[in-house]
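my questions are about this predicted structure, shown below with the sequence.
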Amino acid sequence: MAGRVPPGQYVTSDFPVLSAGPTPHRPLESWSFSIEGEVDEPLRWSWDEFRALQSETVTKDIHCVTKWSKLDTTWEGVSVDTLLAGVETTAEFVVAVCDGGYTTNLPLEDVTGGKAWIAFGFDGDDLEPEHGGPARLLVPHLYFWKSAKWVRGLQLRNQDEPGFWENYGYHNYGDPWLEQRYAGD
(Lines give C-alpha, C1' and ligand atoms only; values in the text may rest on other atoms or scores of the structure.)
Protein backbone atom coordinates (compact mmCIF):
# COMPACT_ATOMS: atom_id res chain seq x y z
CA MET A 1 0.00 0.00 0.00
CA ALA A 2 2.96 2.31 0.41
CA GLY A 3 2.87 4.93 -2.30
CA ARG A 4 -0.76 4.17 -3.19
CA VAL A 5 -2.61 6.02 -0.43
CA PRO A 6 -2.42 9.82 -0.48
CA PRO A 7 -1.70 11.74 2.73
CA GLY A 8 -4.68 12.08 5.08
CA GLN A 9 -6.55 9.10 3.56
CA TYR A 10 -7.49 5.73 5.08
CA VAL A 11 -8.17 2.49 3.16
CA THR A 12 -11.65 0.98 3.18
CA SER A 13 -12.98 -2.23 1.67
CA ASP A 14 -16.48 -0.69 1.57
CA PHE A 15 -17.74 1.49 -1.25
CA PRO A 16 -19.43 4.36 0.60
CA VAL A 17 -22.36 6.04 -1.13
CA LEU A 18 -22.23 9.83 -1.00
CA SER A 19 -24.59 11.98 -3.08
CA ALA A 20 -25.69 15.60 -3.09
CA GLY A 21 -29.31 14.68 -3.79
CA PRO A 22 -31.64 11.83 -4.65
CA THR A 23 -30.42 8.99 -6.85
CA PRO A 24 -31.86 9.28 -10.37
CA HIS A 25 -33.16 6.12 -12.02
CA ARG A 26 -33.27 7.00 -15.72
CA PRO A 27 -34.58 4.26 -18.03
CA LEU A 28 -31.91 3.22 -20.51
CA GLU A 29 -34.31 3.86 -23.40
CA SER A 30 -34.19 7.60 -22.62
CA TRP A 31 -30.48 7.77 -21.70
CA SER A 32 -28.05 9.48 -24.06
CA PHE A 33 -24.53 10.84 -23.88
CA SER A 34 -23.30 13.91 -25.75
CA ILE A 35 -20.14 15.83 -26.55
CA GLU A 36 -21.00 19.52 -27.04
CA GLY A 37 -19.59 23.01 -26.70
CA GLU A 38 -16.41 24.08 -28.48
CA VAL A 39 -16.44 21.22 -30.97
CA ASP A 40 -16.60 21.14 -34.75
CA GLU A 41 -19.74 19.00 -34.58
CA PRO A 42 -21.73 17.89 -31.50
CA LEU A 43 -21.96 14.14 -30.96
CA ARG A 44 -24.67 12.06 -29.30
CA TRP A 45 -25.04 8.36 -28.52
CA SER A 46 -28.05 6.41 -27.28
CA TRP A 47 -27.39 3.75 -24.61
CA ASP A 48 -27.19 1.00 -27.23
CA GLU A 49 -24.88 3.08 -29.44
CA PHE A 50 -22.70 3.95 -26.45
CA ARG A 51 -22.43 0.32 -25.35
CA ALA A 52 -21.44 -0.65 -28.91
CA LEU A 53 -18.33 1.56 -28.65
CA GLN A 54 -15.00 -0.04 -27.82
CA SER A 55 -14.76 -0.40 -24.05
CA GLU A 56 -11.97 -1.41 -21.74
CA THR A 57 -11.56 -2.78 -18.24
CA VAL A 58 -9.26 -0.84 -15.90
CA THR A 59 -8.21 -1.38 -12.31
CA LYS A 60 -7.62 1.84 -10.40
CA ASP A 61 -7.36 3.17 -6.85
CA ILE A 62 -9.96 5.83 -5.99
CA HIS A 63 -9.79 8.52 -3.31
CA CYS A 64 -12.71 10.45 -1.80
CA VAL A 65 -12.44 13.96 -0.42
CA THR A 66 -14.04 12.59 2.78
CA LYS A 67 -10.71 10.78 3.31
CA TRP A 68 -11.43 7.19 2.28
CA SER A 69 -9.47 5.37 -0.39
CA LYS A 70 -10.50 2.15 -2.09
CA LEU A 71 -7.71 0.21 -3.76
CA ASP A 72 -7.83 -2.00 -6.86
CA THR A 73 -11.32 -1.04 -8.04
CA THR A 74 -12.22 -2.61 -11.38
CA TRP A 75 -14.27 -0.64 -13.89
CA GLU A 76 -15.53 -1.16 -17.41
CA GLY A 77 -16.12 1.83 -19.63
CA VAL A 78 -15.41 3.81 -22.73
CA SER A 79 -12.26 5.91 -22.70
CA VAL A 80 -12.83 9.64 -23.10
CA ASP A 81 -10.11 9.39 -25.77
CA THR A 82 -12.41 7.07 -27.76
CA LEU A 83 -15.30 9.52 -27.44
CA LEU A 84 -13.16 12.46 -28.56
CA ALA A 85 -11.43 10.64 -31.43
CA GLY A 86 -11.72 12.84 -34.50
CA VAL A 87 -13.27 15.77 -32.59
CA GLU A 88 -11.80 19.13 -33.57
CA THR A 89 -11.63 21.58 -30.67
CA THR A 90 -9.61 24.47 -29.26
CA ALA A 91 -11.10 23.87 -25.79
CA GLU A 92 -8.84 23.53 -22.78
CA PHE A 93 -11.54 22.61 -20.25
CA VAL A 94 -14.45 20.24 -19.91
CA VAL A 95 -17.60 20.32 -17.81
CA ALA A 96 -19.25 17.00 -17.03
CA VAL A 97 -23.04 17.42 -17.07
CA CYS A 98 -25.16 14.93 -15.13
CA ASP A 99 -28.71 14.01 -14.28
CA GLY A 100 -29.90 15.96 -11.24
CA GLY A 101 -28.17 19.17 -12.36
CA TYR A 102 -24.75 18.16 -11.05
CA THR A 103 -21.65 19.39 -12.91
CA THR A 104 -17.92 19.26 -12.35
CA ASN A 105 -15.09 20.97 -14.19
CA LEU A 106 -11.75 19.63 -15.31
CA PRO A 107 -8.87 20.62 -17.56
CA LEU A 108 -9.27 18.72 -20.84
CA GLU A 109 -5.76 17.28 -20.38
CA ASP A 110 -7.01 15.49 -17.23
CA VAL A 111 -9.61 13.45 -19.13
CA THR A 112 -7.47 12.57 -22.18
CA GLY A 113 -4.30 10.55 -22.63
CA GLY A 114 -5.74 7.42 -20.99
CA LYS A 115 -6.72 9.22 -17.77
CA ALA A 116 -10.56 9.05 -17.84
CA TRP A 117 -13.48 6.85 -18.83
CA ILE A 118 -17.25 6.91 -18.93
CA ALA A 119 -17.74 3.83 -16.76
CA PHE A 120 -20.83 1.63 -16.92
CA GLY A 121 -19.49 -1.41 -15.07
CA PHE A 122 -17.98 -1.96 -11.65
CA ASP A 123 -16.45 -5.15 -10.29
CA GLY A 124 -17.85 -7.26 -13.12
CA ASP A 125 -21.45 -6.03 -12.85
CA ASP A 126 -23.49 -3.14 -14.20
CA LEU A 127 -22.76 0.06 -12.30
CA GLU A 128 -25.49 0.46 -9.67
CA PRO A 129 -27.48 3.73 -9.61
CA GLU A 130 -26.23 4.50 -6.07
CA HIS A 131 -22.69 4.54 -7.46
CA GLY A 132 -23.58 6.61 -10.53
CA GLY A 133 -25.12 4.06 -12.89
CA PRO A 134 -25.93 3.66 -15.60
CA ALA A 135 -22.72 5.64 -16.28
CA ARG A 136 -20.33 7.87 -14.40
CA LEU A 137 -17.20 9.76 -15.29
CA LEU A 138 -14.12 8.02 -13.87
CA VAL A 139 -11.07 10.24 -13.28
CA PRO A 140 -9.17 8.19 -10.70
CA HIS A 141 -6.13 10.45 -10.32
CA LEU A 142 -8.33 13.21 -8.80
CA TYR A 143 -10.63 13.20 -5.77
CA PHE A 144 -13.72 11.16 -6.52
CA TRP A 145 -16.18 14.09 -6.69
CA LYS A 146 -14.53 14.81 -10.05
CA SER A 147 -15.73 11.33 -11.17
CA ALA A 148 -19.25 12.65 -11.59
CA LYS A 149 -22.16 10.25 -11.11
CA TRP A 150 -25.02 9.91 -13.62
CA VAL A 151 -23.02 11.64 -16.35
CA ARG A 152 -24.91 12.53 -19.52
CA GLY A 153 -22.35 14.54 -21.43
CA LEU A 154 -19.16 16.52 -21.67
CA GLN A 155 -19.17 20.17 -22.65
CA LEU A 156 -15.85 21.34 -24.03
CA ARG A 157 -15.07 24.93 -23.03
CA ASN A 158 -12.44 27.58 -23.73
CA GLN A 159 -12.73 28.89 -20.17
CA ASP A 160 -12.86 27.07 -16.87
CA GLU A 161 -16.26 27.10 -15.18
CA PRO A 162 -16.53 25.78 -11.61
CA GLY A 163 -18.99 22.93 -11.11
CA PHE A 164 -21.43 22.10 -8.32
CA TRP A 165 -19.03 21.31 -5.45
CA GLU A 166 -16.44 23.80 -6.64
CA ASN A 167 -19.07 26.55 -6.26
CA TYR A 168 -19.60 25.37 -2.66
CA GLY A 169 -15.94 25.77 -1.72
CA TYR A 170 -14.30 22.57 -2.88
CA HIS A 171 -10.92 22.93 -4.52
CA ASN A 172 -11.10 23.72 -8.22
CA TYR A 173 -8.68 20.91 -9.15
CA GLY A 174 -8.78 18.24 -6.42
CA ASP A 175 -5.42 16.46 -6.41
CA PRO A 176 -5.51 13.91 -3.55
CA TRP A 177 -1.70 13.77 -3.38
CA LEU A 178 -1.64 17.50 -2.60
CA GLU A 179 -4.71 17.25 -0.31
CA GLN A 180 -6.57 19.78 -2.42
CA ARG A 181 -9.90 19.31 -0.70
CA TYR A 182 -11.15 22.87 -0.33
CA ALA A 183 -10.50 26.23 -1.94
CA GLY A 184 -7.21 27.53 -0.61
CA ASP A 185 -5.69 24.08 0.01
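Yep, that arrived. Residues are numbered from 1 along each chain as shown.

so where's this structure shaky on pLDDT?
Along the chain, the model assigns pLDDT under 70 to residues 1-2, 16, 19-21.

and the helices in it?
Here the chain has its helices, by DSSP state H, at 47-51, 80-84, 164-167.

could those helices go into TSV alongside distance to residue 70 and mean neighbour count?
All C-beta atoms are positioned from the backbone trio N, CA, C, and that covers glycine. Below are the helices of the chain laid out as TSV (distance: least, CB to CB, whole Å; neighbours: other CB atoms under 10 Å):
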stretch	distance to residue 70	mean neighbour count
helix 47-51	25	15
helix 80-84	21	19
helix 164-167	19	18
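
relative to residue 97, which of those is closest?
helix 164-167 (10.5 Å; CB to CB).

for the closest one, name the packing helices and strands.
On a contact count with 3 or more CB pairs under 8 Å, 6 or more residues apart in numbering; DSSP states H and E, helix 164-167 meets strand 103-107.

ok, residue 55 - contacts?
Contacts for residue 55 (CB atoms under 8 Å, 6 or more residues apart in numbering) come out as 76-78, 120.

who touches stretch 83-100?
Stretch 83-100 is touched from outside by 20-22, 24, 26, 33, 35, 37-41, 43, 53, 103-109, 111-112, 118, 137, 148-161, 163, with contacts defined as CB under 8 Å, 6+ apart.

buried only: go through those for me.
Listed as buried from the contacts of stretch 83-100 are 24, 26, 33, 35, 37-39, 43, 103-106, 108, 111, 118, 137, 148-157, 160, 163; burial here means 16 or more other CB atoms under 10 Å.

list the strands paired with the strand ranked longest in the chain, with their directions.
Longest strand in the chain by number of residues, with DSSP state E as the criterion: strand 68-79. Sheet pairing of strand 68-79 (DSSP bridges) gives strand 10-11 (parallel), strand 56-63 (antiparallel), strand 117-122 (antiparallel).

tell me the most buried of those?
Stretch with highest mean neighbour count among the strands paired with strand 68-79: strand 117-122 (a mean of 23; mean count of other CB atoms under 10 Å).

tell me the buried residues in the longest strand of the chain?
Going by neighbour count (16+ other CB under 10 Å), the buried part of strand 68-79 is 68-70, 73, 75-79.
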